[in-house]
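Student: Sequence and predicted model, in that order:
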Amino acid sequence: MVLCLLLAAALGASIGYQRTRAGKTAGLRDYTLICVGAALFTVASLYGFGGVADPARIAAGIVAGIGFLGAGAIIRREEGLVTGLTTAATIWVVAAIGLAAGAGLYVVSAVTTAIALIVLFLPHPIR
């Protein structure tokens, strides 16, 4: 269980570090905490309730709850320009990475982190 949380912290921090370096408002601490929190909810649902909790319900709750965080990152400016979509999407992906790490899907969570980092490092915009 501790390995799940440590892996989630490392994976979330790697994405958070990239976002901090890119000058985004949500950064290292935010992404690390989101990823570890999702992992802990998953670990607790799988092992902490003596088989009473339904892991699918916990996962659904994480997905729904994280949507509120992501929605808060999206801003519509006076010019009609919408910003924060990548931050919102990254928050959503980091929660999924934490959920996967918490479920013991180590390779899947690491590969998803690599994919997310590749996408975040792509030049903007691609034409």
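Tutor: All right, it came through fine.

Student: Which residue ranges of the chain form helices?
Tutor: 2-21, 28-47, 55-73, 85-102, 106-121 (DSSP state H).

Student: Of the ones you listed, flag the one that's most buried.
Tutor: Highest mean neighbour count among the helices of the chain (mean count of other Cβ atoms under 10 Å): helix 85-102, with a mean of 24. Heads up, the C-betas are built off the backbone N, CA and C, glycines and all.

Student: Just the CA trace of it, in CSV.
Tutor: Only the C-alpha atoms of helix 85-102 are listed here, as CSV (Å, rounded to 0.1, in the frame of the first residue of the first chain):
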residue,chain,number,x,y,z
LEU,A,85,-8.2,23.6,-20.6
THR,A,86,-4.8,21.8,-20.6
THR,A,87,-4.5,22.3,-16.8
ALA,A,88,-8.0,20.9,-16.3
ALA,A,89,-7.2,17.9,-18.5
THR,A,90,-3.9,17.3,-16.8
ILE,A,91,-5.6,17.4,-13.3
TRP,A,92,-8.1,14.8,-14.6
VAL,A,93,-5.3,12.6,-16.0
VAL,A,94,-3.2,12.9,-12.8
ALA,A,95,-6.2,11.7,-10.7
ALA,A,96,-6.5,8.7,-13.0
ILE,A,97,-2.8,8.0,-12.6
GLY,A,98,-3.2,8.1,-8.8
LEU,A,99,-6.3,5.8,-9.0
ALA,A,100,-4.3,3.3,-11.2
ALA,A,101,-1.3,3.4,-8.9
GLY,A,102,-3.5,2.9,-5.8
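
Student: Now do it: which elements does it pack against?
Tutor: Applying 3 or more Cβ pairs under 8 Å, 6 or more residues apart in numbering; DSSP states H and E, one finds that helix 85-102 contacts helix 2-21, helix 28-47, helix 55-73, helix 106-121.

Student: pLDDT of that helix, averaged?
Tutor: What helix 85-102 shows for mean pLDDT is 95.

Student: before we move on, the earlier item: let's have the helices and strands packed on helix 85-102 in CSV, adding distance to residue 87 and mean pLDDT.
Tutor: Conversion of the helices and strands packed on helix 85-102 to CSV gives the following (distance: least, Cβ to Cβ, whole Å; pLDDT from 0 to 100):
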stretch, distance to residue 87, mean pLDDT
helix 2-21, 7, 97
helix 28-47, 9, 94
helix 55-73, 4, 85
helix 106-121, 10, 97
